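Asks: Got a predicted model here, sequence first, then my questions.
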Amino acid sequence: MNTALAPTPLAFDVEAVRREFPILRRLVHGKPLAYLDNGASAQRPRSVILAVDEYERMHHANIHRGVHTLSQEATALYEGARERVARFLNARSSREIVFVRGTTEAINLVAQSYGRPLLRPGDEVLITHLEHHANIVPWQMLCEQTGAKLVVAPMDERGEVHAEAVEALMSERTRLLAFAHISNALGTVLPVRRLIAAAKARGITTLIDGAQAVPHLEVDVQELGCDFYAFSGHKMFAPTGVGVLYGREALLERMPPWQGGGDMILTVSFAKTVYNTLPHKFEAGTPNISGVVGLGAAVDFMQSLDLEAAHRHEHALLAHATRALEGVEGLRLIGTAPDKASLVSFVVEGVHPHDLGTILDGDGIAIRTGHHCAMPVMEFFRVPATARATFAFYNTFDEIDRLAGSIARARALIA
């Protein structure tokens, strides 16, 4: 089932990696596909596709509840994926790994199951200005429910969040600090370790939105010291509709279930329900079993690569894209923090981002245009939207050159 590559000891072989992704051989409008929208959803390698296909064809059944062979096989695949994710994040135990639909559901789970019983009027939840809507709206809802206050740490004109500015807003009323590991709109890498350490020293609980980080950085939750860490499978080469909430076991044990239903219970009567053990008390109902199987296969695929070389390749792509786009007349980069992931956000004078995206699609180039679920970021930079190209380890320098050339042609056509 696992056809992932063997580790690459020397230089990163991008062409060998690309052969593992069938969709990269597609033509779009008669042009070779240049897929530069990985920040929204990455493509799947053959091993993930085959793992899901084999599960659907040979092993599908509901999990945890059946004594027949298929149910036992499906349960083993599902729980095996949990074990692989726990090792991937270096969690202390698979009991700390909760499967959810994605980062958004993970954050909402923490807001309602951890935050709602804890917060009182006047308490504070601290976030930053560059957050995705999924790390803003749940906290706004929680504050409305509890009378707590949402506090927002600033960013500067480069799209950088300074640790000193966040620490200055930590007060005796701060109960929770929630922030992105990497900004989805700008690519900024936040000072995660320092902020977690500062929060821990003050007794503040931390939640990290790792949706953009897990595909591009090594994440060790024990080394980070965070209380919660959330990410989505579809950004790390797995299927959509599946994600992970890591939570420290001591916290998860104290938290009540977020949803009620099957599988999150031990016994039910009309008088009382006894909840299941971790992590099952947070996984009510039939889960996305095939998605979890695919997530486990994606973890295997990533660990089969020389990830250090893959990350170096992505940094080289970012440097090449920055130079190439800075050479395009009328183009302005949005977000120029010194520590960035492989993402470039930009606007082009005289060309609306949506028009630019349509023209690039005609050249077979897929990028993202819009506010990227980060409207406060757009308001800060006084733009309605940006164009965003996000790179994975299977992208090439030639694709970036095609991007820059196509943008220049679009400006000549419209401006």
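Replies: Nice, thanks for sending it over.

Asks: Show me the shaky parts of the protein.
Replies: The chain contains residues with pLDDT under 70 at 1-10, 415.

Asks: Need the residue closest to the centroid of it.
Replies: The chain has residue 211 as the residue nearest its centroid, 1.2 Å off, counting by CA atoms, centre = their mean.

Asks: what's the burial count for the closest residue in space to that residue that isn't next to it in sequence?
Replies: Spatial nearest neighbour of residue 211, chain neighbours left out: residue 103 (4.3 Å); criterion: CB to CB, 6 or more residues apart in numbering. C-beta coordinates here come from the backbone N, C-alpha and C atoms, glycine included. Using other CB atoms under 10 Å, the number of residues around residue 103 comes to 28.

Asks: Now do the strands in the stretch 101-250 of the chain.
Replies: Using DSSP state E, counting those that start in this stretch, the strands of the stretch 101-250 of the chain run over 124-128, 149-153, 174-180, 205-209, 228-232, 243-247.

Asks: May I see these organised as a markdown table, with mean neighbour count and distance to residue 32 added?
Replies: Listed next are the strands of the stretch 101-250 of the chain as a markdown table, based on neighbours: other CB atoms under 10 Å; distance: least, CB to CB, whole Å:
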| stretch | mean neighbour count | distance to residue 32 |
| --- | --- | --- |
| strand 124-128 | 24 | 38 |
| strand 149-153 | 18 | 43 |
| strand 174-180 | 24 | 32 |
| strand 205-209 | 25 | 33 |
| strand 228-232 | 28 | 28 |
| strand 243-247 | 28 | 31 |
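
Asks: Of all these, which one comes closest to residue 394?
Replies: Closest of those to residue 394 is strand 228-232, at 18.5 Å (criterion: CB to CB).

Asks: residue contacts, the residue nearest to residue 211?
Replies: Going by CB atoms under 8 Å, 6 or more residues apart in numbering, residue 103 touches 132, 134, 209-211, 230-232, 243.

Asks: which two in those are spaced the farthest apart?
Replies: Spatially, the most separated pair among these is 132 and 243, at 13.4 Å (CB to CB).

Asks: which residues in the stretch 1-150 of the chain form helices?
Replies: Using DSSP state H, counting those that start in this stretch, the helices of the stretch 1-150 of the chain run over 14-18, 46-54, 69-89, 103-109, 116-118, 137-146.

Asks: Return the most buried member of these.
Replies: Of those, the one with the most neighbours on average (mean count of other CB atoms under 10 Å) is helix 103-109, at a mean of 25.

Asks: what about the nearest residue to residue 238 once chain neighbours are set aside, how many neighbours?
Replies: Distances taken as CB to CB, 6+ apart place residue 298 nearest to residue 238, at 3.8 Å, with adjacent residues excluded. Counted with other CB under 10 Å, the neighbours of residue 298 add up to 29.

Asks: gap between the helix or strand harbouring residue 298 and the chain center?
Replies: Using DSSP states H and E, residue 298 falls within helix 289-304. Computed by CA atoms, centre = their mean, to the nearest Å, the chain-centroid distance of helix 289-304 equals 15 Å.

Asks: and the angle from it to strand 228-232?
Replies: Interaxial angle, helix 289-304 versus strand 228-232 (axes from the mean of the first three to the mean of the last three CA atoms, to 10 degrees): 100 degrees.

Asks: nearest residue to residue 167 other than its sequence neighbours?
Replies: Residue 167 sits nearest to residue 198 (CB to CB, 6+ apart), 4.9 Å away.

Asks: Tell me the spacing between that neighbour and residue 260.
Replies: When distance is defined by CB to CB, to the nearest Å, residue 198 is 37 Å away from residue 260.

Asks: Check residue 87 too.
Replies: The gap separating residue 87 from residue 260 is 31 Å, by CB to CB.

Asks: before we move on, back to that, who touches the residue nearest to residue 238 in this structure?
Replies: 44-45, 48, 233, 236-238.

Asks: Also residue 191?
Replies: 161-163.

Asks: so what's the closest residue to residue 143 other than its chain neighbours bridging to?
Replies: With sequence-adjacent residues excluded and distances taken as CB to CB, 6+ apart, residue 143 is closest to residue 150, at 5.0 Å. Applying DSSP bridges to residue 150 gives these bridge partners: residue 125.

Asks: Does residue 150 touch residue 129 like I think?
Replies: No: checked against CB atoms under 8 Å, the pair residue 150 and residue 129 is beyond contact range at 11.8 Å.

Asks: Residue 402 versus residue 384, what's the distance?
Replies: Relative to residue 402, residue 384 is positioned 26 Å away (CB to CB).

Asks: out of these two, which sits in the more crowded spot?
Replies: Counted by other CB under 10 Å, residue 384 and residue 402 do not tie: residue 402 has more neighbours, with 20 against 13.

Asks: quick one: the more buried one is in a strand?
Replies: No: using DSSP: H, G, I helix; E, B strand; the rest coil, the secondary structure at residue 402 is helix, not a strand.

Asks: Apart from its neighbours in sequence, what residue is nearest it?
Replies: Per CB to CB, 6+ apart, closest to residue 402 is residue 34, 5.5 Å.

Asks: count of neighbours near that neighbour?
Replies: The local packing of residue 34 (other CB under 10 Å) involves 24 other residues.

Asks: Contacts only, for it.
Replies: Here residue 34 is in contact with 364-366, 395, 399, 402-403 (CB under 8 Å, 6+ apart).

Asks: Residue 11: which of these is nearest?
Replies: Nearest to residue 11 among the contacts of residue 34, with distances taken as CB to CB, is residue 395, at 15.9 Å.

Asks: so what's the spatially closest residue to the closest one that is not a sequence neighbour up against?
Replies: Counting by CB to CB, 6+ apart, the nearest residue to residue 395 once its immediate chain neighbours are dropped is residue 317, at 5.7 Å. Contact analysis of residue 317 by CB under 8 Å, 6+ apart lists 342, 391, 395, 397, 400.
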